[in-house]
Every structure is written in structure tokens, then in C-alpha cells.
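1. Provided below are the primary sequence and the corresponding predicted coordinates.
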Amino acid sequence: HHTLRHNATADVRDDGLEPPVIAALTGKRPDTAALTHALARLHTAGVDVDWAALLGSGGRAPRTVALPTYAFQHQRFWPAPASAPPASGGEGHDPAEARLWQAVEALDVEALTHTLQLDDGEAVDTLRPALPILASWRRRHREQAALDSWRYRIDWRALPEAGAAAPTGTWLLLVPAGHDGAPAVRTAVRALREHGAEARIRTVEAAGADRGLLARLCAPEAGEAAPDGVISLLALDESPLPGLPAVAAGLAATAAAVQALADAGGDGPLWCLTQHAVAVSPGDPAPSPVQAQTWGLGRVAALEHPRLWGGLVDLPASPDHRTPARLAALLATGRTQEREDQVAIRASGTLARRLRAAPPPRTDREPWRPEGTTLITGGTGELGSRVARYLAGHGAPHLLLTSRSGPEAPGAAALARELTELGTTVTITACDVSDRTALQHLLETIPAQHPLTTVIHAAGTADTTP
Ligand SMILES: NC(=O)c1ccc[n+]([C@@H]2O[C@H](COP(=O)([O-])OP(=O)(O)OC[C@H]3O[C@@H](n4cnc5c(N)ncnc54)[C@H](OP(=O)(O)O)[C@@H]3O)[C@@H](O)[C@H]2O)c1
């Protein structure tokens, strides 16, 4: 009983032992609930409770049901009322206001009269014609508020300055040939060797590095133990890949390294280092487009090979004497769930990438109006044609739509008619966007009275097979 509980606790504590002491009857809740609660508390304290005696057995026996695996995977299993007002915009918090707008949106004069407590028929009549206008404003506002709530931006959060944590064991460093003396490579070597770990350097001819070659380079040699981690500096090689000059050799070699390590069992952790792939503050220069590609690749590798993946670390253009310790602290976080896996090291410290809700754009600006020629690659496709319709509806003087099939694309003629009716001049041309000469020729044919001002690149084919 609860009145005895304190004494019991005191007696037991004199013995130096602290078994659970739980009141079965509290006087504060009905006996059945109190007793069940007490049994549940005993159960959570590790006491073996005979649940069958309490809950029954046979047909009445309780079943074990699956619970969601992750606490953060919130999923509702009950229906939401269809007309629930959105929480955004403030009005959702005030039930009276919500009722008012519901009545307006439903053009429900009776409900509105009641909400506004109008008993004067004349006043009601003056409201009536305003209702459709208010309802339409309300719908537009709701849609805009929903769209605004989907806006996000990338933000960089400063991490606390590194403590004494340091990587241990032997790390494999994949270094592109000719870059051994590069500041980023020296920084990575110092991050290991000056903090108690060993660096096993493998030089990689990035231009010829395929999955097989990297598998051989990453495999421990006779007498060597498997490494405790891998650091790829391959992204530093920005030379064009022979035969595919649009791709940097270092990027291709990084992809091959991910494949090779995954083939070998994918124990990692693999950390990919870049230099200046991201801009973390307004003062940071624009990021290098070639380095940024390794971040794109890395984020996908992280999803496809979570066991292998360590993270992406962007080093400053000029690493300083604090950079190795900051890198060492990141490598020391190993494969823990809590580790930051998209990080930039700068002179000011270490920053981690975050996705944050972005404020809606200012609405007092003049809306953008397309001028001159707008080139839409893939203009006859699904996305391209939608953008074309939108721009034609917003007064674009000339739309140049391209795809490989051009005017032969299904629906091209109807699309051209529709856009012309919206008041725009339309040209649909066949042009393969991956053919540089053809694209250059296309740009040269743009009429002088409608110079090119905007390019919407919507050409592409989706290939979702790995
Ligand atoms: N629809 C979506 O919801 C969505 C979402 C995210 C991303 N995307 C991506 O956005 C792109 C467009 O999607 P979509 O749904 O509009 O696809 P779509 O309907 O197949 O349209 C693609 C257009 O691109 C053209 N095209 C393809 N390769 C081209 C090339 N080398 N040169 C010039 N034109 C080329 C195609 O025409 P031809 O074949 O005649 O050249 C077609 O007009 C795709 O890359 C897709 O993966 C789409």
C-alpha cells in the first residue's frame, strides 16, 4: 500500500539494497488500473510477471504486435478530418477564426451569419457577393502557405572545437598520382600520423582506375592487416577522363573506389576529401563545380552503402595548422550514428551541413517576366512542356523548345498551337543537347530581336536501374 511504501524503501535502503518498491494500491486511481500499473512497473524493473495469469490464456491470450522500428518514423494510423484548417498562417490556432474561414470557403452564408452573430438581414445580403472573392483569396492563400512550407535551404552549423579525439590504427590513403605534395594530401597524412594513427599511402593513376584496379590497390599486401579506415583524395584529380572529357578522372576513380570497397565487403569507413566543393558562408568563394560533383556522388554512395560510408569532408582552399587536428577529430568519430558525415573545415572551425526550413520569398517584388528567347531543352517532354505553358501564360515573347525528336515528338503540334494561343511565338527544333556542335548551331540561330535570356534545362532520360 502507498502509505507503507516510504517505510519499506527506508528499511531496504538500510541494507544497502534498492529493489523496486511499488505501491499496488494508491488511492488516486481505480484499483484495477493501479494494480495493472504496478505490474507494468515491476515488469519494466526486470521482475518476471506472470502475464498469462492476469491477461488470460488460450483464445484470450494477448498477441505480440510489431512496433515501428524507428522512433523517428512517425506515421499516423487514424483519419484526419477532411476540412481541418492548416496550422500555418496563425488562423488555425483560433477556433473561431477557423470556423469563420471554413464558412467563407464553403460559401455557407448560414454558418457565416451564425459565426458573425448577424441578425440583420441587410448586413447578410451585403456579405453575400463578397463571399466568392474571399473564398478564392482564401484558397490561393492556403495553397501559397503550403508551398511556402516546403521551402528548404542548406545551412552550415559550426561544430564545437575538436577535443582530443583522434583516429586509431592504420588508414589507407588513396592519393591521385602527381598530388603527393598537395596541401590536402599533406593535411590528411598529418591528421593521421600526428595523432597516433598510421597512413598507408596508395598512389592511383586516376585516369585508368577502374573497379578492378582499385580493388587490387585497396587489398592489403602480404603481411598487412586490413585498414581501419580509408581516406580518398582522388577527387583532387580534376583532369578530364580520356574518352569522356566532361568527367573528371578523380570523380570516376572515386566512384570506382566506392565500388571496389563495396565489392570487398564494404567495411570502411570511407571518407572522401574534397577541396572547396561547398560554400559555407557568404564570404566563401563560389564552390568548384568539379569538386562539388564528388559531394553529389558521395551523398548517393552514403545511401547505397551505409556500412561502408564514413563521410565527405571539404577542406579549405588553403589548409592551415589547425586543419589536421580538425580532420583527425572527424575521422575519430568512426562509423557512429552520431557522426557528422557532410562537413566543411574552414579557418573559423568545422561546420556541418543542415537542411533548414527557409522563409518564404518576399512578395512585394515585381514577379519575374521572361523576356527575349527562353530556351527549354526537353521542351516537348513532361516537365519541359509544363514549364513552357507556364511561361507562355506569363507573357514569354519567344519560346524555343528542343528535344531530339523536335517537331516529330508526340503532341508537339498541339503544344505549339496551345502556346501560340497563349500569345507566345514558339519554335520547336530537333537538337541533341549532348551534341555540342548542334547546340552551338542552335544558339546561333536565335533571332536577334529575341536574344537568349533564359535557359531551362529539362532534357533528360530517367534510368533508375543501378
Ligand atoms: N517528371 C518528374 O516528376 C521528374 C522529377 C525529377 C526529375 N525528373 C528528371 O527531369 C528530366 C525530364 O523529365 P520528364 O518527366 O519531363 O521526362 P520526359 O517526359 O521523358 O521528357 C524528357 C525530354 O527530354 C528530351 N531529351 C532526352 N534526351 C535528350 C537529349 N539528349 N537532347 C535533347 N533532348 C533530350 C526528350 O525528348 P527526346 O527523347 O525526343 O529527345 C523529352 O522531350 C529527366 O531527366 C527526369 O529524370 C523528372
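-> Nice, I can see it.
2. okay, now the domains of this protein?
-> Using automatic domain parsing, the domain parsing of the chain gives 2-60, 110-150, 170-357, 373-457.
3. any idea how far whichever residue of the stretch 51-200 of the chain sits closest to the ligand is from Lys28?
-> The stretch 51-200 of the chain approaches the ligand most closely through Trp150 (14.6 Å), counting by Cβ to the nearest ligand atom. Yep, even glycine has a C-beta here, placed from its N, CA and C like the rest. Distance, Trp150 to Lys28, by Cβ to Cβ, to the nearest Å: 46 Å.
4. what does Gly349 give?
-> In terms of Cβ to Cβ, Gly349 sits 52 Å off from Lys28.
5. quick one: which of those two has more around it?
-> A count of neighbours by other Cβ atoms under 10 Å puts Gly349 above the other of Gly349 and Lys28, at 14 against 9.
6. Ramachandran coordinates for the more buried one?
-> phi 150, psi -160 (degrees, to the nearest 10).
7. For it, which non-adjacent residue is closest in space?
-> Closest residue to Gly349 apart from its sequence neighbours, by Cβ to Cβ, 6 or more residues apart in numbering: Ala158 at 5.4 Å.
8. mind pulling up the phi and psi values for the one you found?
-> Main-chain dihedrals, Ala158, degrees, to the nearest 10: phi -70, psi 130.
9. For it, which residues are in contact?
-> Ser348, Gly349, Thr350, Leu351 (Cβ atoms under 8 Å, 6 or more residues apart in numbering).
10. Then Ala257?
-> Per Cβ under 8 Å, 6+ apart, neighbours of Ala257: Leu174, Ala209, Leu214, Cys218, Val230, Ser232, Leu234, Leu270.
11. Helix, strand, or coil at the third one?
-> When states are read from DSSP: H, G, I helix; E, B strand; the rest coil, the local structure at Leu214 comes out as helix.
12. okay, now it: neighbour count?
-> Counted with other Cβ under 10 Å, Leu214 comes out at 26.
13. Excluding chain neighbours, what is closest to Ile456?
-> Ile376 (4.6 Å).
14. Show the contacting residues for the one you found.
-> Here Ile376 is in contact with Gly384, Val387, Ala388, Leu391, Leu399, Leu400, Leu401, Thr402, Val455, Ile456, Ala458 (Cβ under 8 Å, 6+ apart).
15. give the contact list for the nearest residue to Ala277 once chain neighbours are set aside.
-> Of all residues beyond its chain neighbours, the one nearest Ala277 is Gln291 (3.5 Å), with distances taken as Cβ to Cβ, 6+ apart. Residues near Gln291 by Cβ under 8 Å, 6+ apart: Ala235, Glu238, Thr274, Gln275, His276, Ala277, Asp314.
16. I'd like the residues you listed as a markdown table, with pLDDT and distance to the ligand appended.
-> Output for the contacts of Gln291, formatted as a markdown table (pLDDT from 0 to 100; distance: Cβ to the nearest ligand atom, whole Å):
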| residue | pLDDT | distance to the ligand |
| --- | --- | --- |
| Ala235 | 98 | 25 |
| Glu238 | 97 | 25 |
| Thr274 | 98 | 25 |
| Gln275 | 97 | 29 |
| His276 | 94 | 28 |
| Ala277 | 97 | 23 |
| Asp314 | 98 | 26 |
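17. distance of Leu452 from the ligand?
-> 17 Å (Cβ to the nearest ligand atom, to the nearest Å).
18. wait, that residue sits on Thr373?
-> Yes. Using Cβ atoms under 8 Å, Leu452 is in contact with Thr373, at 4.8 Å.
19. anything in contact with each of those two?
-> Shared contacts of Leu452 and Thr373, counting by Cβ under 8 Å, 6+ apart, come down to Ile446.
20. Which one of those two is surrounded by more residues?
-> A direct count of neighbours by other Cβ under 10 Å for Leu452 and Thr373 places Thr373 higher, at 22 against 15.
21. Helices of the stretch 1-150 of the chain, start to end?
-> 2-14, 31-44, 51-55, 95-105, 109-115, 121-127, 131-148 (DSSP state H, counting those that start in this stretch).
22. I'd like those as CSV, with mean pLDDT appended.
-> Below are the helices of the stretch 1-150 of the chain laid out as CSV (pLDDT from 0 to 100):
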stretch, mean pLDDT
helix 2-14, 54
helix 31-44, 89
helix 51-55, 82
helix 95-105, 87
helix 109-115, 86
helix 121-127, 81
helix 131-148, 90
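23. The residue of the stretch 201-350 of the chain found nearest the ligand: what's it in contact with?
-> Of all residues in the stretch 201-350 of the chain, Ala246 sits closest to the ligand, at 13.1 Å by Cβ to the nearest ligand atom. Residues near Ala246 by Cβ under 8 Å, 6+ apart: Pro240.
24. same thing with the one 5 residues further on?
-> For Leu251, the residues meeting the contact criterion (Cβ under 8 Å, 6+ apart) are Ala235, Val290, Gln293, Thr294, Leu297.
25. for Thr350, same thing?
-> Ala158, Leu159, Glu161, Ala162, Arg326, Ala329, Leu330, Glu340, Val343, Ala344 are the contacts of Thr350 under Cβ under 8 Å, 6+ apart.
26. neighbours of Thr170, just the number please.
-> 17.
27. from memory it sits against Gly196, does it?
-> No. Using Cβ under 8 Å as the test, Thr170 is too far from Gly196 to be in contact (11.2 Å).
28. one step back: can I get the buried part of the contacts of Ile376 as one ChimeraX selection?
-> Buried subset of those, written as a ChimeraX selection, criterion 16 or more other Cβ atoms under 10 Å:
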select :384,387,388,391,399,400,401,402,456,458
